[in-house]
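Participant: sequence first, predicted model second:
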Amino acid sequence: KTQGGLLSKPKTKNTIGNRDCHRKHPQISPTMSTILTGGRHVENLSQRTNTKAPIEEILKILDTGRNANASEEINNTESHDNDLKYFRTPTLEFSGFTSSQLFRKFSVIAPVFALSLGFYMIILGPIMNMVKRGKDYSVASSQSFGFFKDVSSSDWELMRNRVKESTNHHPIYGPDKWTDEPEKWYNNNWDPIFTCYHERRVGGMGDGGKWVCDPHRIKQKRGPCLVYSWGNNGRFDFEDGMHEIVGRRKCEIHIFEPFPEQMTDSVPEHYHFHPWGLKSETSAISSENFKTLDETLETLGHRGKIIDIFKIDCEHCEWSTYREWLNGDATLMQILVEVHTSPAEYVNSFFEGLLAHGYVIFHKEANIQFGGGKCVEFGFLKLDQNFFMHR
């Protein structure tokens, strides 16, 4: 002690290279310990007033005080939050996520979803529609014996409804009036009730050409096509047109003419020519120039075959032979026939019989040039009986 009771400054020894700091440790009073520990006696320092406290002890005391103060601040904060919880904007929670977290996640997912949707609409959507429509073709295909493979069920149903709602005779005159006036009778009876989307005139303009239901489908069918052409009168416009559309190797064409000596042109070698005409099974004709359809099928080995086109212009023989067309041992898919006049005992039964066997009219054309309306070209297409179930 110096005079006046003040502590003298301790001497400090320093050496360069090996520094050694010797300083006296401060003495901690009970009051100071209370300040350092935030008002809590962590350790009874009053008993150590006159003891020199190591610096480590002081640091521990300071840390303990700080931790205690931090704990108290947390408790105070929680209490303050509880007091203000009714004054805060509520935060929504969904399955453990707050609304802000969901918004951030959605901002990431939304572009991905938009790209996926665009990919579906541009690429997958049309493909799925094609697949769906592809399955939709089955009804038309089955009811047309595989002829229509790309007509949707909705369009096919419209066609069926048209046939169902069609009338075959004038509502006032009926089928019995004007049978002795063919041009009037055909104008008031039996109009087309079916439409071929790609109907085409084969053989060009004039008397030699005929309207065929979608000839491109014949080209697309599996296996060869078979055509019977009765009475072409030495003209090969139709046959040449079929070869041009379908292909010479694809289509086997048979031409029948009972009087070949009257033909003005020779038959091309790529056609199968037969020097006979068609007669009914009840006909009294004994000439070798005529055969029944059954005899023809037997001679040519075509029993049980599908004849894709049966074209016939035989000058009135249609009335006596049509029942054999329908009941013969071959399936006639398209019948292209020119009818002559309108005999009362045959004409309406002819059309009724064809319809009963599944034939629908897809074309009607009067021969104005040579028949004056008394001769009319008709095109018939065979369909399965299921097509007519709602009639």
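Facilitator: Perfect, I can see it now.

Participant: give me the three-state assignment for residue 258.
Facilitator: At residue 258 the chain is in coil, as set by DSSP: H, G, I helix; E, B strand; the rest coil.

Participant: what mean pLDDT does stretch 248-258 get?
Facilitator: For stretch 248-258, mean pLDDT is 92.

Participant: and the end-to-end length of that stretch?
Facilitator: Using Cα to Cα, to the nearest Å, the span of stretch 248-258 from its first residue to its last is 25 Å.

Participant: neighbouring contacts of that stretch?
Facilitator: 218-219, 224-234, 236, 239, 242-243, 263, 267, 270-278, 289-290, 296, 300, 308 (Cβ atoms under 8 Å, 6 or more residues apart in numbering). Where you see a C-beta, it was placed from the backbone N, CA and C, and this is true even at glycine.

Participant: can you map out the helices along the stretch 251-391 of the chain?
Facilitator: 293-300, 318-327, 347-356, 368-371 (DSSP state H, counting those that start in this stretch).

Participant: mind putting the ones you listed into CSV with mean pLDDT?
Facilitator: As requested, those are exported to CSV (pLDDT from 0 to 100):
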stretch, mean pLDDT
helix 293-300, 96
helix 318-327, 96
helix 347-356, 97
helix 368-371, 82
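
Participant: out of those helices, nearest to residue 187?
Facilitator: Among the helices of the stretch 251-391 of the chain, the nearest to residue 187 by Cβ to Cβ is helix 368-371 (12.2 Å).

Participant: circling back: would CSV of the helices of the stretch 251-391 of the chain with mean neighbour count be doable?
Facilitator: Listed next are the helices of the stretch 251-391 of the chain as CSV, based on neighbours: other Cβ atoms under 10 Å:
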stretch, mean neighbour count
helix 293-300, 16
helix 318-327, 18
helix 347-356, 17
helix 368-371, 12
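
Participant: still on that earlier bit, among the contacts of stretch 248-258, which ones are in strands?
Facilitator: Using DSSP state E, 225-230, 272-274, 277-278, 290, 308 are the members of the contacts of stretch 248-258 that sit in strands.

Participant: now list the buried members of the residues you listed.
Facilitator: 225, 226, 227, 228, 229, 230, 273, 274, 277, 278, 290, 308 (16 or more other Cβ atoms under 10 Å).

Participant: which of the residues you listed lies closest to residue 143?
Facilitator: The closest of those, once distances to residue 143 are taken by Cβ to Cβ, is residue 308, at 17.6 Å.

Participant: so the closest one sits against residue 227, correct?
Facilitator: Yes - contact criterion Cβ atoms under 8 Å: residue 308 and residue 227 qualify, at 6.2 Å.

Participant: ok, which pair from the ones in strands among the contacts of stretch 248-258 is furthest apart?
Facilitator: Spatial extent of the ones in strands among the contacts of stretch 248-258 (Cβ to Cβ) is set by the pair 225 and 290 at 25.9 Å.

Participant: so where's this protein uncertain?
Facilitator: Where the chain drops to pLDDT under 70, the residues are 1-99, 101-103, 105-106, 120, 124-135, 264, 390-391.

Participant: in its sheet, what does the longest strand along it sit against?
Facilitator: Longest strand in the chain by number of residues (criterion: DSSP E): strand 331-340. Sheet neighbours of strand 331-340, with direction, are listed as strand 306-312 (parallel), strand 375-382 (antiparallel) (DSSP bridges).

Participant: please work out which residues outside it touch it.
Facilitator: Here strand 331-340 has contacts from 145, 147, 210-213, 305-313, 315-316, 318, 325, 347, 350, 354, 359, 367, 371, 374-382, using Cβ under 8 Å, 6+ apart.

Participant: and residue 305, how far from residue 325?
Facilitator: Distance of residue 305 to residue 325, computed by Cβ to Cβ, to the nearest Å: 14 Å.

Participant: sorry, wrong one. I was asking about residue 173.
Facilitator: 28 Å.

Participant: just the CA trace of stretch 138-148, in PDB.
Facilitator: Coordinates of the C-alpha atoms in stretch 138-148 are reproduced here as PDB (Å, rounded to 0.1, in the frame of the first residue of the first chain):
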ATOM      1  CA  SER A 138     -65.000 -51.100 -86.300                       C
ATOM      2  CA  VAL A 139     -68.800 -50.700 -86.700                       C
ATOM      3  CA  ALA A 140     -68.600 -49.500 -90.300                       C
ATOM      4  CA  SER A 141     -66.000 -52.100 -91.200                       C
ATOM      5  CA  SER A 142     -68.000 -55.000 -89.800                       C
ATOM      6  CA  GLN A 143     -71.300 -53.900 -91.300                       C
ATOM      7  CA  SER A 144     -69.700 -53.400 -94.800                       C
ATOM      8  CA  PHE A 145     -67.700 -56.600 -94.900                       C
ATOM      9  CA  GLY A 146     -64.500 -54.700 -94.400                       C
ATOM     10  CA  PHE A 147     -65.100 -52.300 -97.300                       C
ATOM     11  CA  PHE A 148     -65.300 -49.000 -95.200                       C
END
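
Participant: pull out the buried positions in that stretch.
Facilitator: Buried-residue list, stretch 138-148, by 16+ other Cβ under 10 Å: 139, 140, 143, 144, 147, 148.
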